[in-house]
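**Q** Structure for the following, please:
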Amino acid sequence: MRQKQLPLVIVCDMLTYSNFKTKKMYSRFRNENCSNIVGYTPPTLHKGVRWFVDFTAWDPARDAMRRKRCYIKDSLSVPAKKHRASEIIAVLTKQLSQGWNPWVTNDESRGFVLFDNCLFSEYVERMDRKKTRQDYSSRISVLREFIAQQTNPIKYAYQFDVTFCTDFIDWIYLDRESSARTRNNYRVWLYGLAEFLIARKHIMTNPVENIKVLPEHE
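**A** Down below sits the predicted model:
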């Protein structure tokens, strides 16, 4: 007797994936970027009181591998559980090999591009004028100097936030003892960088927008 086909619904811890239509959670920006954010172990079936398939995938927010379990319904017969497990493993293996990651959503994926790659591969190299490239490269060198001095330096584009930008502008003005004009010029440049990151969908809002311009006569 032919076994009745059951709809594929996989419960993974607190998440449910229905039919697992192919979702490429990562745009393939560049091969080198993907290699930095794709990491996983193969799905494996575990039998016991509760049957489940588990795998680990790299969580970029924690900078560590995290385990995810996909439970199989207890009400199924043993043959049905085996059949379901095979389906789950096949789908997960395909999804993971294509760059899908359970810890990263579509909206977040471009935020996990390496910030350094954003600055050089995307930002500076796209400048048309040599003088502009030189000027921006100089400012980026200062930005990298600031990042290198941080206890927990940013690594990914999504970390370019209000706290980071405010600290950088304060560092320019206070630690480097720059003039108000120099500080304001860096603010203008940082605002433009934020707009670029928004256009590239690495961040959603401009974190520099509410940083005030200082009077330059003081």
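**Q** Tell me which stretches of the protein form helices.
**A** Taking DSSP state H to define them, one finds helices in the chain at 31-37, 78-97, 106-109, 115-117, 130-148, 162-170, 180-199.
**Q** Mean pLDDT, mean neighbour count and distance to F52 added to these, as JSON lines?
**A** In short, each C-beta sits where N, CA and C put it, glycine included. Below are those laid out as JSON lines (pLDDT from 0 to 100; neighbours: other CB atoms under 10 Å; distance: least, CB to CB, whole Å):
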{"stretch": "helix 31-37", "mean pLDDT": "40", "mean neighbour count": "14", "distance to F52": "26"}
{"stretch": "helix 78-97", "mean pLDDT": "88", "mean neighbour count": "16", "distance to F52": "9"}
{"stretch": "helix 106-109", "mean pLDDT": "57", "mean neighbour count": "15", "distance to F52": "26"}
{"stretch": "helix 115-117", "mean pLDDT": "86", "mean neighbour count": "18", "distance to F52": "36"}
{"stretch": "helix 130-148", "mean pLDDT": "85", "mean neighbour count": "14", "distance to F52": "41"}
{"stretch": "helix 162-170", "mean pLDDT": "96", "mean neighbour count": "16", "distance to F52": "39"}
{"stretch": "helix 180-199", "mean pLDDT": "94", "mean neighbour count": "17", "distance to F52": "39"}
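**Q** which one of those helices lies closest to W51?
**A** helix 78-97 (5.1 Å; CB to CB).
**Q** which secondary structure elements does the closest one contact?
**A** strand 44-46, strand 52-59 (3 or more CB pairs under 8 Å, 6 or more residues apart in numbering; DSSP states H and E).
**Q** Report the rounded mean pLDDT for the last one.
**A** Predicted confidence along strand 52-59 averages 90 (mean pLDDT).
**Q** For that strand, which outside residues touch it?
**A** Residues outside strand 52-59 that contact it (CB atoms under 8 Å, 6 or more residues apart in numbering): 10, 37-46, 64-72, 85, 88-89, 92, 96, 101-103.
**Q** Return the members of those classed as buried.
**A** Among the contacts of strand 52-59, those classed as buried by 16 or more other CB atoms under 10 Å are 10, 37-38, 40, 43, 45, 68, 70, 72, 85, 88-89, 92, 96, 101-103.
**Q** How about the residue nearest to the spatial centre of the chain: what's its closest non-neighbour residue?
**A** Nearest to the geometric centre of the chain sits F112, at 2.2 Å (CA atoms, centre = their mean). Leaving aside its chain neighbours, F112 sits nearest to P60 (4.6 Å; criterion: CB to CB, 6 or more residues apart in numbering).
**Q** Next: W51.
**A** Among residues not flanking W51 along the chain, I72 sits closest, at 4.3 Å (CB to CB, 6+ apart).
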